[in-house]
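Colleague: structure, please.
(2 chains)
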Amino acid sequence: MNSPVLRRLRDLPTFELATGDPDPRGWAVRGHDGQAFGTVDELLVDPVSQRVLFLNVLLEAGLPGVPAPGPHADRRILLPLSQVNLDTEGGNVFVTALGRDTVQHYPLFVDFMLPPDFEASMLAALGMAS
Amino acid sequence: MAELRIQPKKSSPSPWLLVALALLVLAGAAYFFLRSDPADERATAPVTAPVAAPPDSLNADSAARTLRAPLAPDSASSAPAASGGSARAELLQLSTVFTQLTDRADLRDDASIREQRDNFTSATARLADGDARASLRPGLVAAANLLLAVQQKGYPNLETEANALTLQASQLSGRDATPAEQAQNHAYLSQVHNLLNTMSYPTRDAL
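Modeller: Alright, predicted model coming up:
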């Protein structure tokens, strides 16, 4: 089975979120303790299956153990949509396998290119078998 | 476990197209609401005449001043002849005078006068539209009825004249073709002008 070709939703001007589905961009991402540690910045989608697969999350500055970004850079992670819960009323994304104190162990998303084993390492950090 | 789907965007009409449509609708609405009514234009033209009221009327109240100009005694008696026109033209000219009369402060609130004025307007509508086959009779009778209503409102001492005018109107044929009919119409319209002239004075001044 071939890996899906991921695209940012903003790079697909002919696509939009399905009617009735919430748009989580801008929502706070909260860990198991309810504390926010980032914000959903972008959605990575598979245009073929027409599904959102990952949330591109911009991490807050000053998280414990997370190295400071370089000048004019920021720290991002990808969260598989299948591993989060969406709070549509409060506008939050909950990911119980992470928290402000553990996000340092989660693989950072440093480029738009996804290494072959990147998804496996993400799932492993979330405690899920790949 | 969350799931979000995407879909191809639905084609929506261009926003400029919507703006153009909205402007079109607004322009259409403005045209219908703001266009000048041909009936208004006909009515406004003669109204300018009272502006040239004679200086001797400055001491009278404004309502009487407005009416007195076109109804000065000498002009009233010679009106049918001076116009040189038919009874039809005379009748149409009366419309302006009646409007001024019934807009007077002491008369305009009377329902009966309003009703008779509307009747006169309706009765002369075909004449105003230039319908050559329209009969004069409805307008002539309506004029008498309007003056009768004005008389009953404010001129009790003119009862005899108003009733005589009504009777005279009922005897008219409504045509203006033969010399006899023209003379009959002329006599009737002279009576109308005489009564109008008297009624152009405030109630308290009418004898």
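Colleague: show me what from chain A comes close to chain B.
Modeller: Contacts of chain A with chain B, taken as C-beta under 8 Å from any C-beta of the partner chain, map to A:9, A:12-19, A:21-22, A:24, A:43, A:45, A:47, A:50-52, A:81-86, A:93. Where you see a C-beta, it was placed from the backbone N, CA and C, and this is true even at glycine.
Colleague: buried subset of those?
Modeller: Burial by neighbour count, judged by 16 or more other C-beta atoms under 10 Å in any protein chain shown, picks out A:9, A:15, A:17, A:21, A:24, A:43, A:45, A:47, A:51-52, A:81, A:83-84, A:86, A:93 from the residues of chain A next to chain B.
Colleague: mind checking which of the residues you listed are in strands?
Modeller: With strands taken from DSSP state E, the overlap with these comprises A:15, A:17, A:43, A:45, A:51-52, A:86, A:93.
Colleague: show me what the helix or strand hosting residue B:89 is packed against.
Modeller: For residue B:89, the enclosing helix or strand under DSSP states H and E is helix B:87-102. For helix B:87-102, the packing partners by 3 or more C-beta pairs under 8 Å, 6 or more residues apart in numbering or on different chains; DSSP states H and E come out as helix B:38-47, helix B:62-68, helix B:73-83, helix B:111-123, helix B:125-128, helix B:137-154, helix B:179-199.
Colleague: buried sites along it?
Modeller: B:87-88, B:90-98, B:100-102.
Colleague: so can I have CSV of those showing pLDDT?
Modeller: Below are these laid out as CSV (pLDDT from 0 to 100):
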residue, pLDDT
B:87, 80
B:88, 81
B:90, 82
B:91, 80
B:92, 83
B:93, 83
B:94, 83
B:95, 83
B:96, 83
B:97, 83
B:98, 84
B:100, 82
B:101, 83
B:102, 84
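Colleague: what stretches of chain A score poorly on pLDDT?
Modeller: For chain A, the stretches with pLDDT under 70 are A:1-2, A:111-113, A:129-130.
Colleague: same thing but 80
Modeller: A:1-4, A:68-73, A:110-116, A:128-130 (pLDDT under 80).
Colleague: strands of that one, start to end?
Modeller: Taking DSSP E, the strands of chain A run over residues A:7-8, A:15-17, A:28-30, A:36-46, A:51-59, A:76-80, A:85-87, A:92-94.
Colleague: and the fourth one with strand A:51-59, angle?
Modeller: Strand A:36-46 and strand A:51-59 meet at an angle of 150 degrees, taking axes from the mean of the first three to the mean of the last three C-alpha atoms, to 10 degrees as the criterion.
Colleague: what comes up buried for strand A:36-46?
Modeller: By neighbour count with 16+ other C-beta under 10 Å, strand A:36-46 contains the buried residues A:37-46.
Colleague: that strand pairs with which strands, and in what direction?
Modeller: Strand pairing for strand A:36-46, determined by DSSP bridges: strand A:7-8 (antiparallel), strand A:28-30 (antiparallel), strand A:51-59 (antiparallel).
Colleague: ok, residue B:119 touching residue B:149?
Modeller: No - the pair residue B:119 / residue B:149 is not scored as a contact, 9.6 Å apart, by C-beta atoms under 8 Å.
Colleague: and the closest residue to residue A:13 other than its chain neighbours, how many neighbours does it have?
Modeller: Excluding its sequence neighbours, the residue lying closest to residue A:13 (C-beta to C-beta, 6 or more residues apart in numbering or on different chains) is residue B:9, at 7.7 Å. Using other C-beta atoms under 10 Å in any protein chain shown, residue B:9 has 11 other residues around it.
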